[in-house]
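sequence plus predicted model, see below.
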Protein chains: 2
Amino acid sequence: MSDPSFLQKKAFIIDMDGVVYHGNRLVPGAEKFVAWLQAEGKRFLFLTNSSERTPRELSQKLARMGLIVSEDHFYTSALATAAFLASQKPNGTAYVIGEPGLITAMHNAGFSLNEVNPDYVVVGDTRSYNFEKIELACRLVTQGARLIGTNPDVSGPTERGLVPSTGALTKPIELTTGARAYFIGKPNPLIMRHALKKLGCTREETAIIGDRMDTDIIAGIESEIETVLVLSGVTRTEDLRNFAYRPHHIIEHLGS
Amino acid sequence: MSDPSFLQKKAFIIDMDGVVYHGNRLVPGAEKFVAWLQAEGKRFLFLTNSSERTPRELSQKLARMGLIVSEDHFYTSALATAAFLASQKPNGTAYVIGEPGLITAMHNAGFSLNEVNPDYVVVGDTRSYNFEKIELACRLVTQGARLIGTNPDVSGPTERGLVPSTGALTKPIELTTGARAYFIGKPNPLIMRHALKKLGCTREETAIIGDRMDTDIIAGIESEIETVLVLSGVTRTEDLRNFAYRPHHIIEHLGS
């Protein structure tokens, strides 16, 4: 492992897909890098825009690949969405189109589920998406519920190729109702602030490591956190010319 | 019934939702107008962007409201889509997300259904819409299938309020794959040409009657067919200021 300056940071916010793993395979170097973090006593938080899984499920997913990291090292757009909505409307109600990771986060933040007159319609990554749910969401939004998406990504990588993500799944509801969804995941600075709080570190003490210019890197830049782009995910060196901003550091992959 | 000049036309293309009925109720005057068409020996065609129902089902729907019109008087975006695709790719293959009205139209136009390597992915109005179908459509489009939508409407009126229509349901596939769907229904001049052929009339002999400026009226204008806006549907007089074009005639409702 070379010794770029960002390794001096006290804390690391680390994206998952394309950074730590692809599907069910660890990225080379990920194991070495996490061992280094643990040996050096660094603080770190895996931060994902995916809203399907709970921290425990993410911890178990890494464990199945041989990486042992306790669940308090994970933070998701589902948790950030629940925390934000609880601050906006304590003990509120929501109709949720999402997986257990999101539903549990909403419950734990004090929300009740409600399909009649909820304060919010919350959409997250989910395969349990169908016309009936879209239709109900449209009716509730027309009646005044606020439309929230956990993350703005239109697609996400899987072993079977790109599949639709929350940004795409929210679109039919936006088009039908004329409402515009508000998204909490990266690059919203809200989720970055939540992540720093959870780390117990300041932005100066922290670096963010990610593979996407339009979520990870811009989130770091707009929150004034040092940014590290890894080339192990969706971004190639030649793609950088399409962006008006630059990451502070570029490395091949974690631990390189 | 007053006697505006468009009644001199030999043939009429008539939109359905908001013109002939709202949900399961006839618009006042619709029955009188159809009786007049039949008594005068006018040619007429009910033309709908909805792609769920076959002409027989549409005929039966009107019959349940007391209007007896034989099924050869109906034309849909599903039929126009099937006819267009058959001209582009005779005996082609398609993966269809849609209702029986669309599937039957595709079969009758010589298409075979195929979920492995179809020439087209065709999306129509349907409640049988879910993540699994979107995911498969995305994979097929990524592999090279062309993405087609029967009609560009993002929503349609029902007894239960606005529900998503094909333009909204196609969006997640467009966003995930980066492909742009091609839509055949109004205002595409293709469906207008098909309608004139079915009527056996020229555009000069024909008027189109509809309630939507962005589909019916613009379709008539771009096909140089005289246009009649009815105010019984979604458009109010004050909405006209939002459009850069004008209908040739404005009436309260059919038969007024």
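That came in fine, so what should we check first?

show me which residues of the stretch 51-200 of chain A sit near chain B.
Counting by Cβ under 8 Å from any Cβ of the partner chain, the residues of the stretch 51-200 of chain A lying close to chain B are A:126-132, A:134-135, A:138-139, A:142, A:154-155, A:160-165, A:167-169, A:171-173, A:175-177. Every residue, glycine included, has its C-beta placed from N, CA and C.

and the residues you listed, which of them are in strands?
Of those, the ones assigned to strands by DSSP state E are A:Ser155, A:Gly161, A:Leu162, A:Val163, A:Pro164.

partner residues bridging the first one?
So that's A:Ser155. Beta-bridge pairing for A:Ser155 (DSSP bridges): A:Pro164.

picking up where we left off before, closest to A:Arg53 out of the ones in strands among the residues of the stretch 51-200 of chain A next to chain B?
Nearest to A:Arg53 among these is A:Val163, at 15.0 Å by Cβ to Cβ.

do you know the pLDDT at the residue nearest the centre of chain A?
For chain A, the residue nearest the mean C-alpha position is A:Asn49 (1.7 Å; Cα atoms, centre = their mean). Note for A:Asn49: predicted pLDDT of 96.

returning to what we had before: now the buried members of the residues of the stretch 51-200 of chain A next to chain B.
Among these, those classed as buried by 16 or more other Cβ atoms under 10 Å in any protein chain shown are A:126, A:129-131, A:134-135, A:138-139, A:154-155, A:162-165, A:167-169, A:171-173, A:175-177.

now, those residues that are in helices?
Here DSSP state H is the test, and these give A:131, A:134-135, A:138-139, A:167-169, A:171-173, A:175-177 as lying in helices.

stretch A:176-194: which residues count as buried?
For stretch A:176-194, burial by neighbour count (16+ other Cβ under 10 Å) applies to A:176-177, A:179, A:181, A:183-188, A:190-192, A:194.

where does pLDDT dip in chain A?
A:1-3 (pLDDT under 70).

so it: which segments form each domain?
The record's domain split for chain A, according to automatic domain parsing, is A:5-49+A:187-251, A:88-183.

what's the most buried one of those?
Stretch with highest mean neighbour count among the domains of chain A: domain A:88-183 (a mean of 21; mean count of other Cβ atoms under 10 Å in any protein chain shown).

partner residues bridging A:Thr48?
Bridge pairing for A:Thr48 - DSSP bridges - gives A:Thr76.

please name the residues that touch it.
A:Asp15, A:Met16, A:Asp17, A:Leu58, A:Phe74, A:Tyr75, A:Thr76, A:Ser77 (Cβ atoms under 8 Å, 6 or more residues apart in numbering or on different chains).

ok, now with 10 Å
A:14-17, A:19-20, A:55, A:58, A:74-78, A:151, A:156, A:185-186 (Cβ atoms under 10 Å, 6 or more residues apart in numbering or on different chains).

spatially nearest residue to A:Gln143 (excluding sequence neighbours)?
A:Asn117 (6.7 Å; Cβ to Cβ, 6 or more residues apart in numbering or on different chains).

surely that neighbour touches A:Gly92?
No. If you go by Cβ atoms under 10 Å, A:Asn117 and A:Gly92 don't touch, sitting 11.5 Å apart.

hmm, stretch A:220-240 touching chain B?
No. Stretch A:220-240 is not in contact with chain B by Cβ under 10 Å from any Cβ of the partner chain; minimum separation 13.2 Å.

what segments of chain A are helices?
With DSSP H as the criterion, chain A has helices spanning A:30-40, A:55-64, A:77-88, A:100-108, A:131-142, A:166-169, A:171-177, A:189-199, A:218-222.

check which helices and strands the shortest one sits against.
Going back to what we said before, that points to helix A:166-169. The contact analysis (3 or more Cβ pairs under 10 Å, 6 or more residues apart in numbering or on different chains; DSSP states H and E) places helix A:166-169 against strand A:120-123, strand A:146-149, strand A:155-158, helix B:131-142, helix B:171-177.

so which of the ones you listed is nearest B:Leu85?
Comparing these under Cβ to Cβ, the one sitting nearest is helix B:131-142, at 14.9 Å.
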